[in-house]
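Visitor: Sequence first, then the predicted structure, then my questions.
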Amino acid sequence: MPTKPLSIRYEDDLRLLSSRWRQAGVVLLVLFALLFPLRASSLWLTLGSEILVFVVGGVGLMILTGFTGQISLGHAAFIGIGGYTAAILGGTYGVPFWVIVPVAGVLSAAVGLAVGPFALRLKGLYLAIVTLGLVFLVAHVLRSFPELTGGLSGISVPMLWWFDGPTVSTAQFELLGTPLSSAIQKYYIFLVLAVIAVLFATNLRRSHTGRSMAAVRDRDVAAAVMGVDVARTKYVAFGVSSFLAGVAGAMFGWEAQFLTIDATVNLLVSIEYIAIIVIGGIGTVVGAVLGAIAFVVLGQLADAFLGELPLLSELSSAQRRNTFQAILVAVFLIVEPFGLFGIWMRIKFYFMAWPFRY
Amino acid sequence: MQTFLQLFFSGLALGSIYALVALGFVVIYRASQVFNFAHGEFVMLGAFLMISLVRGGMWWIVALGVTMAVTGGVGMGIERVVLRPMIGRPVFVTVIVTIFVGALMRVAINVIWGVGERGMPTPWDTTSVMEILGARVLYNSVAAILATGLVLVGFYLLFQRSRIGIGMRATASDQEVALGLGIPVGRVFAFSWFLAGSLAALAGVFLGMFPRIVDGNIWLIALAAFPAVLIGGLESPLGAVIGGLALGVVQLLAQGYVNPLLGAFGNNFHQVFPYVIMIGFLMFRPYGLFGTREVERI
């Protein structure tokens, strides 16, 4: 088992993937992600797309909560803004998706920056509840313009491809003998967005801003004394996080194809994202990815198997998922605070030190 | 004037329910620095349990006592099993844990009772009204206000005079010193959660009468009470009571007077109005009315 390679030069420190094992792992992961939709059933293809949506949104929340330590219960508000931007621009004005992605992000980031001043004055619980208030406010605003947002009856979210194309792409591509359906094309687009988000967050963490974020998270007063611009760092965190959440919202809309205010801009959605980063491991980008995968896959399995149990079969499938999610998060927080990432690190250290115990 | 009084009394009744809920938050927060997001589920449990007990033939007042005791017991159990191991962990972690404990409780309540709407039984005729200064006020509202007043007096005496109350205050001011002085901090935690649970159950019972319906969404009252807690100040019982009463009155007055001004935007605006006020208020007083201002050191 190779140990961690020695960093001799500055370039070694700068490398994104420091060891051959990591490089191999990432290559395998990317290959898997690329080939997965060609063989997957339509259910698993949908789950794959869902995972990618949660990866983008989870990375967004991870930057805010995991890196910068600002508790936010308002993620659903930004998801909602992104989703409704996609719905209104795509449905009413026929704007193609690649224009919507940045627009949804920027709109959502603008609202996120508006929360900034509060983040400067409030901490912890107070901030969490102000962001919760944001969820209610956004839901109220969306509800107040039914002619634009469809009100309580919801709105459909078409994903338009290019300027000429209707909802479903007519262009026929083929990959390794499998024709690419629109669902597969959507998966690939989501994959690209998710990879960009992950790379961005990884690099952000290693940058000056990322280190400022960690300093603010660990002790903001100490960070300020050392010359970290706390205000700027918090603004950047909120802006970037809500940008990604807006993009994730647009993706969520395209995935669900139909949005209702009550189901989208909802405390429970915020909580889902918190569950993802907690399960994956707070403070790491890998955590957001692992968390999203575990959340969707385990949720699906739970839905399938818990239904067999006597009492739980009376619940709706959403309730079963919530129950399972709740138990999972509670267990993780009590037993393994660093989440799946923590478990992975422990396994890794065990083998690195093998045959010694430490 | 009559409309105003009518709204005012209704608001006061709603506000006293908010006050009970907010007081529960504060009691728990002072004791164990946990902001209990599962509080709404205590309210829900109280309401559903009460209905079952009264329908099962128990006297109303006895059922109320049993409901409060059982809900308090559940609170105590949750503290002992879930939150005691989390002592010393960041506030964030306990917040998340209580959110998910709440989700589990909600599912459990759904499984046991179902989510259908039902009315809260009352010992008096639920539709009877009395006239106060020309305003017609429901007996239910009067009962809610009176019961809350009684509870607050009892709470004050408990807090100022009784042994356990003094222990609670000591624990709130400094946990380690309290422990060193021989105050049973564990028992203080348990008692605080019991108290908060039973206050929530009481709130649930009256909330079930006031808008006259108990259903699967009754737990949302806790989210609606957040502005009261934060404006009052997280550590202050007095602040919670004032904040709660003010919240109820402001909400109903907003429903009566502000909503119509806003046109289409005003539909149900009173539900988010307290949040708007809270957000504005916190900009000027980040620790609420009576909260303690933290002095930060490195």
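Guide: Great, that's in hand. Numbers count the residues shown, from 1 in each chain, chains lettered A, B, ... in the order given.
Visitor: Now do the strands for chain B: every range, in order, please.
Guide: B:129-132, B:135-138 (DSSP state E).
Visitor: Comparing these by mean pLDDT, which bottoms out?
Guide: In terms of mean pLDDT, the lowest-scoring of the strands of chain B is strand B:129-132 (a mean of 74).
Visitor: hang on, the earlier thing: of the strands of chain B, which stretch is the most buried?
Guide: Of these, the one with the most neighbours on average (mean count of other C-beta atoms under 10 Å in any protein chain shown) is strand B:135-138, at a mean of 18. In short, each C-beta sits where N, CA and C put it, glycine included.
Visitor: can I have the lowest-mean-pLDDT helix or strand in chain B written out in PDB, keeping just the CAs?
Guide: Lowest by mean pLDDT, DSSP states H and E among the helices and strands of chain B is strand B:129-132, with a mean of 74. Extracted C-alpha coordinates of strand B:129-132, given in PDB (Å, rounded to 0.1, in the frame of the first residue of the first chain):
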ATOM      1  CA  VAL B 129     -69.100  34.100  23.200                       C
ATOM      2  CA  MET B 130     -68.900  36.800  25.800                       C
ATOM      3  CA  GLU B 131     -69.000  40.500  25.400                       C
ATOM      4  CA  ILE B 132     -66.000  42.500  26.500                       C
END
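Visitor: Which elements pack onto it?
Guide: Helices and strands touching strand B:129-132, by 3 or more C-beta pairs under 8 Å, 6 or more residues apart in numbering or on different chains; DSSP states H and E, are strand B:135-138, helix B:139-161.
Visitor: Dump the ones you listed to CSV, plus distance to chain A.
Guide: Shown next, in CSV, are these (distance: least, C-beta to the nearest C-beta, whole Å):
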stretch, distance to chain A
strand B:135-138, 28
helix B:139-161, 22
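Visitor: circling back to that earlier point, could you work out which of the strands of chain B reaches nearest to A:G342?
Guide: Nearest to A:G342, of all the strands of chain B, is strand B:135-138, at 54.7 Å by C-beta to C-beta.
Visitor: which residues touch the closest one?
Guide: Strand B:135-138 is touched from outside by B:2, B:5-6, B:8-10, B:13, B:127-131, B:210, with contacts defined as C-beta atoms under 8 Å, 6 or more residues apart in numbering or on different chains.
Visitor: and the residue of the stretch 51-200 of chain A nearest chain B?
Guide: Relative to chain B, the nearest point of the stretch 51-200 of chain A is A:G133 (3.8 Å; C-beta to the nearest C-beta).
Visitor: Just the local confidence number for the nearest residue to that residue once chain neighbours are set aside, please.
Guide: Distances taken as C-beta to C-beta, 6 or more residues apart in numbering or on different chains place B:Y275 nearest to A:G133, at 3.8 Å, with adjacent residues excluded. B:Y275 carries a pLDDT value of 89.
Visitor: which ones are touching B:Y275?
Guide: A:G133, A:F136, A:L137, B:F226, B:P227.
Visitor: would you list the residues you listed in a markdown table and tack on neighbour count?
Guide: Listed next are these as a markdown table, based on neighbours: other C-beta atoms under 10 Å in any protein chain shown:
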| residue | neighbour count |
| --- | --- |
| A:G133 | 27 |
| A:F136 | 22 |
| A:L137 | 18 |
| B:F226 | 28 |
| B:P227 | 29 |
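Visitor: where in chain A is pLDDT low?
Guide: Where chain A drops to pLDDT under 70, the residues are A:1-5, A:160-180, A:307-317, A:357-358.
Visitor: can you confirm the residue of the stretch 51-200 of chain A closest to chain B is in a helix?
Guide: Yes: assigned with DSSP: H, G, I helix; E, B strand; the rest coil, A:G133 falls within a helix.
Visitor: pretty sure A:G116 is in a helix, no?
Guide: Yes: secondary structure of A:G116 (three-state DSSP): part of a helix.
Visitor: number of nearby residues for the nearest residue to it once chain neighbours are set aside?
Guide: Spatial nearest neighbour of A:G116, excluding adjacent residues (C-beta to C-beta, 6+ apart): A:Y235 at 4.5 Å. Residues lying near A:Y235 (other C-beta atoms under 10 Å in any protein chain shown) number 18.
Visitor: now for the host helix or strand of A:Y235, which elements pack on it?
Guide: Here A:Y235 sits within helix A:230-256, counting by DSSP states H and E. Contacts defined by 3+ C-beta pairs under 8 Å, 6+ apart place helix A:230-256 against helix A:42-61, helix A:75-87, helix A:97-121, helix A:182-206, helix A:208-218, helix A:220-225.
Visitor: contacts for the last one?
Guide: Residues lying outside helix A:220-225 but in contact with it, judged by C-beta under 8 Å, 6+ apart, are A:K123, A:S212, A:A215, A:V216, A:V230, A:T233, B:E296, B:R297, B:I298.
Visitor: Now render those residues as JSON lines, adding distance to B:F155.
Guide: Below are the contacts of helix A:220-225 laid out as JSON lines (distance: C-beta to C-beta, whole Å):
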{"residue": "A:K123", "distance to B:F155": "29"}
{"residue": "A:S212", "distance to B:F155": "45"}
{"residue": "A:A215", "distance to B:F155": "43"}
{"residue": "A:V216", "distance to B:F155": "39"}
{"residue": "A:V230", "distance to B:F155": "40"}
{"residue": "A:T233", "distance to B:F155": "42"}
{"residue": "B:E296", "distance to B:F155": "32"}
{"residue": "B:R297", "distance to B:F155": "34"}
{"residue": "B:I298", "distance to B:F155": "38"}
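Visitor: Which residues are in contact with the residue nearest to A:G116?
Guide: A:L113, A:G116, A:A119.
Visitor: who wins for neighbours among these?
Guide: Busiest of those [other C-beta under 10 Å] is A:A119, holding 23 neighbours.
Visitor: Quick check: closest non-adjacent residue to it.
Guide: A:A119 sits nearest to A:K234 (C-beta to C-beta, 6+ apart), 4.8 Å away.
Visitor: And A:A330, by the same measure?
Guide: Closest to A:A330 by C-beta to C-beta, 6+ apart is B:F100, at 5.1 Å.
Visitor: Might one say that the one you found is in contact with A:I334?
Guide: No: with contact defined as C-beta atoms under 8 Å, B:F100 does not count as touching A:I334 (10.8 Å).
Visitor: Could you count how many residues lie near B:V115?
Guide: 12.
Visitor: Over to A:T260?
Guide: So A:T260, with other C-beta under 10 Å, has 16 neighbours.
Visitor: tell me, how many neighbours does the residue nearest to B:P184 when sequence neighbours are not counted end up with?
Guide: Nearest-residue entry for B:P184: B:G167, 7.1 Å, with adjacent residues in sequence omitted and distances by C-beta to C-beta, 6+ apart. By other C-beta under 10 Å, the residues close to B:G167 number 20.
Visitor: Return the residues in contact with B:G167.
Guide: For B:G167, the contacting residues are B:A178, B:I183, B:P184, B:R187, B:V188, by C-beta under 8 Å, 6+ apart.
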